[in-house]
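# I would like to see how this sequence folds:
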Amino acid sequence: MREGKTVPQPESALLTVDEAANYIRMGRTTFYECLNDGSIAFIKPPRGKILVKKTVLDTWLKTHEIPASKVPRNRKEAVM
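Numbers count the residues shown, from 1 in each chain. Modelled structure (predicted):
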């Protein structure tokens with residue numbers, strides 16, 4: 001391998017809690033709440049850190065997508 005060249009690393013299929021929360025742009029505490037209430041599945045190896053499959057997050061994002069036609073135009077509509 002030539003010096004100065006790096007081999008591109010594939011994106012990890014498993015993310016830590018911090019990586020997963022950042023990936024879906026959610027706060028860490030809120031992300032833990034989603035893990036605890038079962039809305040986001042995770043893997044917990046014995047004596048290991050919690051890991052989340054990236055595909056699980058992609059699916060979760062799709063299920064929480066709001067069509068543009070349903071997006072409130074102003075704050076008053078959002079509260080109602």
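# so where do the helices sit in the protein?
17-23, 28-36, 54-63, 75-79 (DSSP state H).
# Out of these, which is closest to G48?
Of all the helices of the chain, it is helix 17-23 that lies closest to G48, at 11.9 Å by Cβ to Cβ. (Glycine included, C-beta is placed from N, CA and C.)
# Go ahead and measure how far that closest one is from the middle of the chain.
Remark: helix 17-23 is offset 6 Å from the chain centroid, using Cα atoms, centre = their mean, to the nearest Å.
# Over to stretch 21-33?
With Cα atoms, centre = their mean, you get 7 Å for stretch 21-33.
# Next, format the helices of the chain as TSV and append distance to R47 and mean neighbour count.
TSV is the format used below for those (distance: least, Cβ to Cβ, whole Å; neighbours: other Cβ atoms under 10 Å):
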stretch	distance to R47	mean neighbour count
helix 17-23	16	17
helix 28-36	18	14
helix 54-63	22	13
helix 75-79	44	8
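# mind listing what F31 touches?
17, 20-21, 24, 40 (Cβ atoms under 8 Å, 6 or more residues apart in numbering).
# lowest-pLDDT helix or strand in the chain?
helix 75-79 (a mean of 58; mean pLDDT, DSSP states H and E).
# I'd like to know how far T30 sits from P45.
Distance, T30 to P45, using Cβ to Cβ, to the nearest Å: 24 Å.
# residues contacting R28?
R28 touches 17-18, 21, counting by Cβ under 8 Å, 6+ apart.
# from these, which is closest to I50?
V17 (5.3 Å).
# nearest residue to the closest one other than its sequence neighbours?
In space, and not counting its chain neighbours, V17 is closest to I50: 5.3 Å by Cβ to Cβ, 6 or more residues apart in numbering.
# how deep is that neighbour tucked in, by neighbour count?
I50: 15 surrounding residues under other Cβ atoms under 10 Å.
# can I assume it is in contact with N36?
No. Using Cβ atoms under 8 Å, I50 makes no contact with N36, being 10.8 Å away.
# and the closest residue to S39 other than its chain neighbours, what is it in contact with?
Nearest non-adjacent residue to S39, counting by Cβ to Cβ, 6+ apart: W60, 7.2 Å away. Contact analysis of W60 by Cβ under 8 Å, 6+ apart lists 24, 34, 39-40.
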